[in-house]
Every structure is written in C-alpha cells, then in structure tokens.
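Trainee: Structure, please.
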Amino acid sequence: MRRLAPALVAAVVTSGVHAQPFLPTERAAIELVRSRHTDSLATVDGTLAYAERVTDGAFTRGGYRVVRRPGEPFARVQICYRLGIDRPTCGLAYLVTVNPPHVEPAERYDGLARDLEHGPRAFLRALAREADLQHQPAILRRIEVALEPFNPYDWR
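Mentor: Below you'll find the model as predicted:
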C-alpha cells in the first residue's frame, strides 16, 4: 500500500492540470441559460418567447451577453430586453459554471429574474407592473425605486 501512495498522489495532482475549467465558452453559457428549467418547469427561453407573444411587442428580447469578471469562478449571462418606452436594458442576469453544470439567477430574491423563475404568469405580472411604472413622472419612479427595499409588502 505504501508503494501506491506516491503514484496515487502524482495521479491526483496531474489530473488537476487537465481538468475542465469552471468557466464555459460563451455559446455554452448562453445555451445553459436558455435551456434552464425554472421553478415552474418552463424553460427560460420558453418563458421569454411567451412574454413576447402575449405582450404584442411591448416586451422584446434583445439578445444575450456573457460577462466574465477576473477572479470569479463563474460567468454572468445577461439577457437584454426592451419593455415599452424605456431604453433597452440587460437587467436579467444568471450565473453559470460548467464543471459541474450549474445555472442560477444572479439576484434570486429581487427584480424580474425572481419573477421569471416563478413562471410565465408571474413574469407577465412583473412586466405589467414595470410597464405601469413607466407612465409615472420620473421623480415618482426614483422615489419608488429608492423606497422599495423598505416596503414590508411583496406586491409581486
């Protein structure tokens, strides 16, 4: 057994050199996000396509963007979209790793990504709420956004 110990240690150390990295390629990261099954068992891509169809063009997808920050063992996949009269934004973000394959929302408990995770109906309600906010004066929108963390009620 003592003769096998150095060989086993050498095998473990050298296997780490050829291991697959945690960061996926851009295409693989986007595909992992698109095919992710949310809590409602619908895919992210299916939910976004459904929202485009139902809103008659008020919500449109703009594409995907992969962001890698130095030192992070994951990639961020941002979903760009346009809602109503607002400028296009990349407000939906997912964290992606490859080894092992894992996808999760960057902001699990806040924003549109949370509603997207709860399914198409919850996502449509969130889009309707965001569209209603667009018709308020700019000062009221800023006040509501600033006070939202202190709101004890979950209106989603």
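Trainee: The nearest residue to residue 35 once chain neighbours are set aside: what's it in contact with?
Mentor: What sits nearest to residue 35 in space, not counting adjacent residues and going by C-beta to C-beta, 6 or more residues apart in numbering, is residue 43, at 5.8 Å. Backbone N, C-alpha and C define where each C-beta goes, glycine included. If you count contacts by C-beta atoms under 8 Å, 6 or more residues apart in numbering, residue 43 has them with 34, 35, 36, 37.
Trainee: again, only using 10 Å
Mentor: Residue 43 is in contact with 33, 34, 35, 36, 37, 49, counting by C-beta atoms under 10 Å, 6 or more residues apart in numbering.
Trainee: what about the fourth one, how many residues close to it?
Mentor: Residues near residue 36, counting by other C-beta atoms under 10 Å, number 21.
Trainee: Relative to residue 81, how far out is it?
Mentor: Using C-beta to C-beta, to the nearest Å, residue 36 is found at 16 Å from residue 81.
Trainee: that older thread, now, which of the contacts of residue 43 sits nearest residue 115?
Mentor: residue 36 (14.8 Å; C-beta to C-beta).
Trainee: For the closest one, which residues are in contact?
Mentor: 42-45, 47, 77, 94, 96, 102-105, 116-117.
Trainee: tell me the centre residue of this structure?
Mentor: residue 94 (2.5 Å; C-alpha atoms, centre = their mean).
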